[in-house]
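how would this look folded up:
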Amino acid sequence: MKDVATLGLMNRGTISMRMSRLLFLFVILSFSIRHSSAHPADQSEMRVRPKPHQLEIRLTFNILTLTRFTGIDTDGDGKISMAELAAAQPRIGTYLNQHIHVEINRQKALLGYGMRFEPLWPDAAQTPPMTEPEYAARNVDVTFVQTIEGKVLEDFWLGFEIFEQTGPLQTVHAIYQQDGQNEDVTFSAQEPEYLYDTGFATDPFVQEAEKKPKGGAANTPDEDLPTRPAATLAAASSYAAPAATPAGMPAAAAPTVNGAASLSRPIDATPAPAAPSTERWWMIRAAIVMVLLVIGRKMQLSARARIVSPRRRPRPRNLPD
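A predicted model of the protein is given here:
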């Protein structure tokens with residue numbers, strides 16, 4: 001009897017040890033699958049900035065992902081030169097317009113007719129031909145700016161059809177930036193679309209601005225773009241073609257082209273004269289009014305965020321072609 005009891009204890013111990021090993025292998029396998037699905041090579045980024053009459057979309061892809069969109073290595077030597085990358089830009093723009101669907105105010109649209117293509121590594125113009133192991137580490141920005149004429153941007157829908165080429169592990173992490181607030185959205189093969197409601201149609205500040213006469217020079221698309229680090233700006237400026245020197249202007253006086261935004265006019269170093277004492281009271285009143293407007297704006301945004309958020313909602317069917 002003692003031998004039988006001992007044998008039973010040994011069997012239970014062996015089973016328990018095997019179960020522990022199986023559990024350990026399951027945990028390791030789950031960890032590996034979870035981290036393999038989030039490989040940096042399969043992650044892209046997008047920044048979306050809606051304005052009442054403008055939609056700006058900046059996509060960030062690595063070169064490995066771009067090679068899945070279209071052929072870039074045209075000579076077939078297993079390397080991509082900067083000349084080949086520049087030549088592929090129109091094909092990349094065509095692919096993105098065909099496979100990232102856009103609807104603005106329930107009407108079909110495009111990402112944009114023009115795009116800005118910026119390599120995001122230092123000294124891009126002097127980069128030697130890149131080998132395949134480098135593709136995943138080289139990122140580029142592709143920026144589209146869409147102008148909405150005659151009506152405010154009420155809502156817009158984005159639908160991705162790139163996952164058949166990139167594979168099911170590909171994700172696009174998007175940040176929607178509006179009125180100082182950020183909203184994170186992830187596009188994937190399981191969730192390839194998103195409908196965003198801007199709230200501009202019911203925003204009293206926007207409605208008040210719409211009533212004012214349209215005057216002055218229009219803002220250029222590049223005017224409000226955020227700047228990249230200095231190394232990135234240097235790479236973008238060196239990659240872009242230099243501007244031609246105007247006739248009659250010496251080369252030393254010609255304006256230089258760079259990736260950073262410049263002031264529309266130089267800053268006057270001469271200090272402005274002090275305001276007369278009789279106007280000081282009106283300046284205080286104006287400051288108080290501005291503070292009240294800012295407070296009211298923040299309260300209005302907070303209330304709208306509580307009502308509208310989350311912005312994801314079902315896409316309506318039977319949209320007009």
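
Okay, strands next: where are they in the chain?
43-51, 54-62, 79-80, 100-104, 107-109, 115-119, 130-131, 139-147, 155-160, 171-178, 181-187, 193-197 (DSSP state E).

okay, the ones you listed in TSV with mean pLDDT next?
Converted to TSV, these look like this (pLDDT from 0 to 100):
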stretch	mean pLDDT
strand 43-51	96
strand 54-62	96
strand 79-80	96
strand 100-104	96
strand 107-109	94
strand 115-119	94
strand 130-131	96
strand 139-147	95
strand 155-160	96
strand 171-178	97
strand 181-187	96
strand 193-197	96
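
can you list contacts of stretch 139-146?
The contact list for stretch 139-146 (CB atoms under 8 Å, 6 or more residues apart in numbering) reads 54-63, 66, 85, 92-93, 96, 102, 104, 109-112, 114-121, 221, 225, 228. For every residue, glycine as well, the C-beta is placed using N, CA and C.

can the strands of the chain go into TSV with extra columns for mean neighbour count and distance to I72?
Listed next are the strands of the chain as TSV, based on neighbours: other CB atoms under 10 Å; distance: least, CB to CB, whole Å:
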stretch	mean neighbour count	distance to I72
strand 43-51	19	16
strand 54-62	21	12
strand 79-80	20	5
strand 100-104	19	19
strand 107-109	13	27
strand 115-119	20	12
strand 130-131	16	10
strand 139-147	20	11
strand 155-160	20	21
strand 171-178	18	20
strand 181-187	14	23
strand 193-197	18	28
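
Would you tell me which of those gets closest to K211?
strand 43-51 (17.4 Å; CB to CB).

Partner strands of that closest one and their direction?
Paired neighbours of strand 43-51 in the sheet (DSSP bridges): strand 54-62 (antiparallel), strand 171-178 (parallel).

In JSON lines: those strands, plus distance to T202.
Shown next, in JSON lines, are these (distance: least, CB to CB, whole Å):
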{"stretch": "strand 54-62", "distance to T202": "18"}
{"stretch": "strand 171-178", "distance to T202": "14"}
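
mind checking which of the ones you listed is nearest D184?
Using CB to CB, the nearest of those to D184 is strand 171-178, at 6.0 Å.

what does that closest one contact?
Residues contacting strand 171-178 (CB under 8 Å, 6+ apart): 38, 42-50, 59, 160, 162, 182-188, 194, 196, 198, 311.

In this protein, where is pLDDT below threshold?
Applying pLDDT under 70 to the chain flags residues 1-39, 213-279, 300-321.

so T74 sits right up against A87, yeah?
Yes. Using CB atoms under 8 Å, T74 is in contact with A87, at 7.2 Å.

Throw the strands of the chain into JSON lines and include distance to V206, thanks.
Converted to JSON lines, these look like this (distance: least, CB to CB, whole Å):
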{"stretch": "strand 43-51", "distance to V206": "10"}
{"stretch": "strand 54-62", "distance to V206": "13"}
{"stretch": "strand 79-80", "distance to V206": "45"}
{"stretch": "strand 100-104", "distance to V206": "16"}
{"stretch": "strand 107-109", "distance to V206": "20"}
{"stretch": "strand 115-119", "distance to V206": "27"}
{"stretch": "strand 130-131", "distance to V206": "45"}
{"stretch": "strand 139-147", "distance to V206": "16"}
{"stretch": "strand 155-160", "distance to V206": "14"}
{"stretch": "strand 171-178", "distance to V206": "11"}
{"stretch": "strand 181-187", "distance to V206": "15"}
{"stretch": "strand 193-197", "distance to V206": "13"}
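
Out of those, the one nearest A287 is which?
From those, taking CB to CB, the stretch that ends up closest is strand 181-187, at 25.4 Å.

Given the closest one, what are its sheet partners and their directions?
Strand 181-187 sits in its sheet next to strand 171-178 (antiparallel), going by DSSP bridges.

What is the neighbour count of F205?
F205 has 15 neighbours, counted by other CB atoms under 10 Å.

Do me a favour and get the end-to-end distance for stretch 130-147?
36 Å (CA to CA, to the nearest Å).

How is the protein partitioned into domains?
Using automatic domain parsing, the domain parsing of the chain gives 1-36, 40-212.

Any chance of TSV for those domains, columns distance to L292?
Listed next are those as TSV, based on distance: least, CB to CB, whole Å:
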stretch	distance to L292
domain 1-36	50
domain 40-212	13
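
of these, which approaches I288 most closely?
That would be, of the domains of the chain and by CB to CB, domain 40-212, which comes in at 18.3 Å.

Distance of the residue lying closest to E154 once chain neighbours are set aside relative to K151?
Distances taken as CB to CB, 6 or more residues apart in numbering put A201 closest to E154, at 4.5 Å, once the chain neighbours are dropped. According to CB to CB, to the nearest Å, A201 and K151 sit 9 Å apart.
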